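Asks: Sequence and computational prediction follow.
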Amino acid sequence: MAQVGHRERERERESDQLSISLIAGDEGVKAAFWRPAHLPRSAWLEHIPFAFWIVSQIKPGTIVELGTHFGASYFAFCQAVESLSLDTRCYAVDTWKGDEHAGFYGGGVFDYVNAYNNAQYSRFSSLIRASFSDTASYFEDGSVDLLHVDGLHTEAAVRSDVETWLPKLSRRGVMLLHDVNVRERDFGVAAVLKQLRVQYPVFEFLHGHGLGVVGVGDELSAGVSNFLKANGDATARRDITNFFARLGRACYDAQVVGRIEQDRSKTLAAGTKMRRAVPTKLLKSESEK
Ligand SMILES: C[S@@+](CC[C@H](N)C(=O)[O-])C[C@H]1O[C@@H](n2cnc3c(N)ncnc32)[C@H](O)[C@@H]1O
């Protein structure tokens, strides 16, 4: 009996080693633990550690993002490029007007993202303020190593974005699709991912509204290829998911704490202002009068 328990524990240990070794180029694991530099409001925050990891594994020559809004995902890719000293060109494509799912917004959002980009990453990163379809012809087929699709999430819109941009991916190319686990408000990313699975290896994260990772190229890096293989092994898939989901949750938590602290400072500042506005006479205690 004791021997069976021992053998099971050994097997569990071996499978743990296998799971971790599937994702654990040293550099990649270190990257996943980086502290995010940019934490705006976003449904993407829980994937930031994965963004760091995937950039470390692909070492892309070109990254394109379709749908940037405040830049949570985009500036995570940029942070990885900068921290790993990569020779990568990054492009963020967005009208910066919003859409039916993200909501429509004013020009202040672009000004904010543009200022942050200019201050931090303009050496290698460009913002393209245009529609996805109008921008596609500016990129050669086979030239993009990492494509992140995160625009309007109806099935028709996602299918059109994927069909237009899929030929742009290189032989090392990986495509990320956000919101694959949202099943409400006319979201249809899951249906598009289902079709892509027929042709390409896919790893699907369910946390953070879901992120589909699609290995499009036929010369994927060893790290990416092993990671995608792990989707077929229940233990490895669970361990990898737990790893990135837990680290991702910390990014989300950090954003929430940051917001609470900001609100608190605002309240304190408002209180100080009010106290200043009240004549000193009124603030004196009864005994002082
Ligand atoms: C879900 S938000 C992007 C979220 C962002 N990736 C993040 O990390 O928070 C979708 C963005 O896509 C943009 N968008 C939607 N459809 C577009 C299109 N066809 N062309 C250009 N931009 C589009 C919207 O303006 C919006 O800012």
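Replies: Now that the structure is in, tell me what you want to look at.

Asks: excluding its backbone neighbours, what's nearest the closest residue to the ligand within the stretch 151-289 of the chain?
Replies: Of all residues in the stretch 151-289 of the chain, residue 151 sits closest to the ligand, with a separation of 3.5 Å (Cβ to the nearest ligand atom). (Each C-beta comes from the backbone N, C-alpha and C, glycine too.) Excluding the flanking residues, the one nearest residue 151 by Cβ to Cβ, 6 or more residues apart in numbering is residue 67, at 4.0 Å.

Asks: Burial check on the one you found, number of neighbours?
Replies: As a burial measure, residue 67 scores 23 neighbours (other Cβ atoms under 10 Å).

Asks: mind listing what it touches?
Replies: By Cβ atoms under 8 Å, 6 or more residues apart in numbering, the contact list for residue 67 reads 93-94, 102, 132, 148-152, 178.

Asks: can you list the residues of the stretch 1-150 of the chain near the ligand?
Replies: 42, 44, 67-70, 72-73, 94-99, 102, 131-132, 150 (Cβ under 6 Å from any ligand atom).

Asks: what ranges do the helices span in the stretch 51-200 of the chain?
Replies: 72-83, 108-120, 132-136, 155-165, 189-199 (DSSP state H, counting those that start in this stretch).

Asks: What residues does residue 205 make contact with?
Replies: Neighbours of residue 205 in contact, by Cβ under 8 Å, 6+ apart: 47, 50, 181, 211-213, 241, 244-245.

Asks: Buried among these? Make that a ChimeraX selection.
Replies: Remark: buried members of those, expressed as a ChimeraX selection using 16 or more other Cβ atoms under 10 Å:
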select :47,50,181,211,212,213,241,244,245
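
Asks: when you check the contacts of residue 205 against the strands, which ones overlap?
Replies: 211-213 (DSSP state E).

Asks: where does the protein dip in pLDDT?
Replies: 1-26, 273-289 (pLDDT under 70).

Asks: Mind doing that once more with 80?
Replies: Applying pLDDT under 80 to the chain flags residues 1-28, 262, 265-289.

Asks: burial count for the nearest residue to residue 188 once chain neighbours are set aside?
Replies: In space, and not counting its chain neighbours, residue 188 is closest to residue 155: 2.5 Å by Cβ to Cβ, 6+ apart. Residue 155: 14 surrounding residues under other Cβ under 10 Å.

Asks: and residue 155, what is it in contact with?
Replies: 188-189, 191-192.

Asks: Kindly report the same for residue 40.
Replies: Here residue 40 is in contact with 70-72, 255 (Cβ under 8 Å, 6+ apart).

Asks: still on that earlier bit, export the helices of the stretch 51-200 of the chain as CSV, with columns for distance to residue 264.
Replies: Below are the helices of the stretch 51-200 of the chain laid out as CSV (distance: least, Cβ to Cβ, whole Å):
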stretch, distance to residue 264
helix 72-83, 23
helix 108-120, 22
helix 132-136, 40
helix 155-165, 39
helix 189-199, 37
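
Asks: Give me whichever of those helices is most buried.
Replies: helix 72-83 (a mean of 24; mean count of other Cβ atoms under 10 Å).

Asks: State which helix of this protein is the longest.
Replies: Counting by DSSP state H, the longest helix found in the chain is helix 234-277.

Asks: how distant is it from the center of its chain?
Replies: 17 Å (Cα atoms, centre = their mean, to the nearest Å).

Asks: Run the contact check for it versus the ligand.
Replies: No: legend: contact between helix 234-277 and the ligand by Cβ under 6 Å from any ligand atom is lacking; minimum distance shown is 11.3 Å.

Asks: same for that helix, what does it pack against?
Replies: For helix 234-277, the packing partners by 3 or more Cβ pairs under 8 Å, 6 or more residues apart in numbering; DSSP states H and E come out as helix 2-23, helix 26-32, helix 48-58, strand 202-205.

Asks: Go again with 10 Å.
Replies: Other helices and strands packing on helix 234-277, by 3 or more Cβ pairs under 10 Å, 6 or more residues apart in numbering; DSSP states H and E, are helix 2-23, helix 26-32, helix 48-58, helix 72-83, strand 202-205, helix 222-229.

Asks: For the second one, name the packing helices and strands.
Replies: Helices and strands touching helix 26-32, by 3+ Cβ pairs under 10 Å, 6+ apart, are helix 2-23, helix 48-58, helix 72-83, helix 222-229, helix 234-277.
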